[in-house]
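*Asks:* test case, fold it:
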Amino acid sequence: MKILLFGKNGQVGWELQRSLAPLGEVIALGSDSQDYCGDFTNLQGLAETIQKIKPDIIVNAAAHTAVDKAESEAELAQTINTDAPALLAREAKILNAWLIHYSTDYVFDGSGNIPWLESDATAPLGVYGATKLAGEQAIQATGCNHLIFRTSWVYGARGNNFAKTMLRLAQERDSLSVINDQIGAPTGADLLADVTAHAIRTVQSKKELSGLYHLVASGETSWHGYAGYVIDRAQKMGLKLKTSSESINPVPTSAFPTPAERPKNSRLNTDKLQRNFGLNLPEWQSGVTRMLSEALN
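*Replies:* Numbering: from 1, shown residues only. The predicted model follows:
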C-alpha cells in the first residue's frame with residue numbers, strides 16, 4: 001500500500017508518520033518539500049504530485065488553522081482549507097484511492113450544551129469554520145472514498161500547545177485567568193493518528209464505512225478545567241510553579257476578545273465512530289497526562 005501524507009510537519013502529521021508506517025510505504029510531504037509539491041497554495045503542483053505518485057491512500061493533515069488570522073486571510077484560508085482538499089478528492093476519485101481528511105468543531109455555531117452529531121446542522125461563526133465546512137462538502141461532492149474526521153482542541157507533545165503555555169505562565173505568575181465557558185475535550189494528535197491507522201485498515205475490507213465522523217477523546221472540560229488539571233499534574237510530577245490550580249481565575253470568553261468568535265459548545269458525539277470501527281476512545285485526562293510526562297521528562 002502506498003500512502004501519500006500531506007502536512008507532515010504539523011502536530012497530527014508528525015504522529016501520522018509513526019502510525020501509518022506499518023501499513024505500507026509512506027511518502028510524507030510538507031509545504032517545503034523539495035522532491036514533490038506539498039504546498040497547498042500550489043494546486044497544479046499538488047495535482048502533479050498525486051498523478052506521479054499514484055497513492056492508494058491520501059492523508060491530508062495540512063490546513064490553515066490560524067483561526068484569528070483567517071479572518072483577514074480569507075482567500076488564503078479558502079485555498080488551503082477548501083480548494084486544495086477538493087483537488088485531492090478529485091484526484092483520489094480518478095485513482096480510486098481513499099482520502100483521509102481532518103475537519104473541526106468550528107463548523108458548528110457552538111450553541112447549546114449537547115454533543116454535536118455528524119448529522120446536526122452546521123453554522124460556522126467565522127472564516128476558518130466556513131472554509132473547513134466547504135472543504136468537507138467539496139470532498140463529499142466528488143463521491144471519492146473518504147474518511148472525514150472532525151476533531152477539536154488538538155495538542156501534541158511536539159511543538160507548542162495550551163498545556164505548555166499554561167505551565168510556562170504558571171512558572172512566571174502568581175495567578176492566571178482562563179476561560180471557563182467554552183467546553184470541549186482536549187484530544188491528542190497521537191490518538192488522532194492511531195485511530196486513523198486503525199480506520200484505514202478497517203475500510204480496506206469495508207468500503208461502506210466511507211463518510212464523516214467525529215473523533216475526540218472522551219469526557220469534557222473547560223479551558224479553565226484543563227489548565228487546572230495540567231497544573232495539578234505538573235506539580236505532582238515535581239515541577240515548581242508559582243501558580244496553583246486554586247489561583248486560576250475562571251473568566252468568560254468576553255474577557256479575551258479575538259478577531260474570530262469561538263464556539264462555546266465544542267462537544268462532539270463520537271458514538272458513530274466507536275460503533276462502526278469497534279473503538280473505545282480514552283478519557284481526555286489520560287492523553288494529557290501522557291503528554292505531560294513526555295514534555296516534562
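*Asks:* drop to CA atoms for contacts and neighbour counts, all remaining ones
*Replies:* Noted.
*Asks:* what are the boundaries of the strands in this structure?
*Replies:* 2-6, 25-29, 57-60, 98-104, 145-151, 154-155, 176-179, 183-184, 187-188, 211-214, 221-222, 248-251 (DSSP state E).
*Asks:* among those, which comes closest to residue 36?
*Replies:* strand 25-29 (7.4 Å; Cα to Cα).
*Asks:* give me phi/psi at the residue in the chain sticking out farthest from the centre?
*Replies:* Most distant from the centre of the chain: residue 174, at 31.9 Å, with distances by Cα atoms, centre = their mean. Dihedral pair for residue 174: phi -80, psi -20, per degrees, to the nearest 10.
*Asks:* what residues are up against it?
*Replies:* Residue 174 makes contact with 242, 243, 244, 247, according to Cα atoms under 8 Å, 6 or more residues apart in numbering.
*Asks:* wait, residue 231 touches residue 248, no?
*Replies:* No - Residue 231 lies out of contact with residue 248 (Cα atoms under 8 Å); the separation is 9.6 Å.
*Asks:* closest one to residue 204 among the strands of the chain?
*Replies:* strand 98-104 (9.3 Å).
*Asks:* what does that closest one rub up against?
*Replies:* Against strand 98-104 from outside (Cα under 8 Å, 6+ apart): 56-61, 85, 88-89, 92, 129, 132-133, 136, 144-152.
*Asks:* quick one on the thing from earlier: who has more neighbours, residue 231 and residue 248?
*Replies:* Per other Cα atoms under 10 Å, whichever of residue 231 and residue 248 has more neighbours is residue 231, with 25 against 20.
*Asks:* rewinding a little: what's the most distant pair in the contacts of residue 174?
*Replies:* 242 and 247 (9.4 Å).
*Asks:* bridging residues for residue 104?
*Replies:* For residue 104, the beta-bridge partners are residue 151 (DSSP bridges).
*Asks:* any idea how many residues pack against it?
*Replies:* Residue 104 has 23 nearby residues by other Cα under 10 Å.
*Asks:* out of the strands of the chain, nearest to residue 281?
*Replies:* strand 187-188 (10.2 Å).
*Asks:* that closest one - contacts with which helices or strands?
*Replies:* strand 154-155, helix 284-296 (3 or more Cα pairs under 8 Å, 6 or more residues apart in numbering; DSSP states H and E).
*Asks:* go again using 10 Å as the cut-off
*Replies:* helix 11-20, strand 154-155, helix 284-296 (3 or more Cα pairs under 10 Å, 6 or more residues apart in numbering; DSSP states H and E).
*Asks:* reformat the strands of the chain as CSV; add mean pLDDT and distance to residue 48.
*Replies:* Formatted as CSV, those follow (pLDDT from 0 to 100; distance: least, Cα to Cα, whole Å):
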stretch, mean pLDDT, distance to residue 48
strand 2-6, 98, 13
strand 25-29, 97, 14
strand 57-60, 98, 14
strand 98-104, 98, 16
strand 145-151, 98, 20
strand 154-155, 94, 31
strand 176-179, 96, 45
strand 183-184, 98, 39
strand 187-188, 96, 32
strand 211-214, 98, 26
strand 221-222, 98, 44
strand 248-251, 96, 49
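*Asks:* how about the ones you listed in CSV, adding distance to residue 43?
*Replies:* Shown next, in CSV, are the strands of the chain (distance: least, Cα to Cα, whole Å):
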stretch, distance to residue 43
strand 2-6, 13
strand 25-29, 14
strand 57-60, 14
strand 98-104, 16
strand 145-151, 20
strand 154-155, 27
strand 176-179, 39
strand 183-184, 34
strand 187-188, 30
strand 211-214, 24
strand 221-222, 38
strand 248-251, 43
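*Asks:* which one of these lies nearest to residue 288?
*Replies:* Nearest of these (Cα to Cα): strand 187-188, 7.3 Å.
*Asks:* partner strands of the closest one, parallel or antiparallel?
*Replies:* Strand 187-188 is paired, per DSSP bridges, with strand 154-155 (parallel).
*Asks:* what's in contact with the strand it pairs with?
*Replies:* If you take Cα atoms under 10 Å, 6 or more residues apart in numbering as the criterion, strand 154-155 is touched by 11-12, 104, 161-164, 185-192, 216-217, 287-288, 291.
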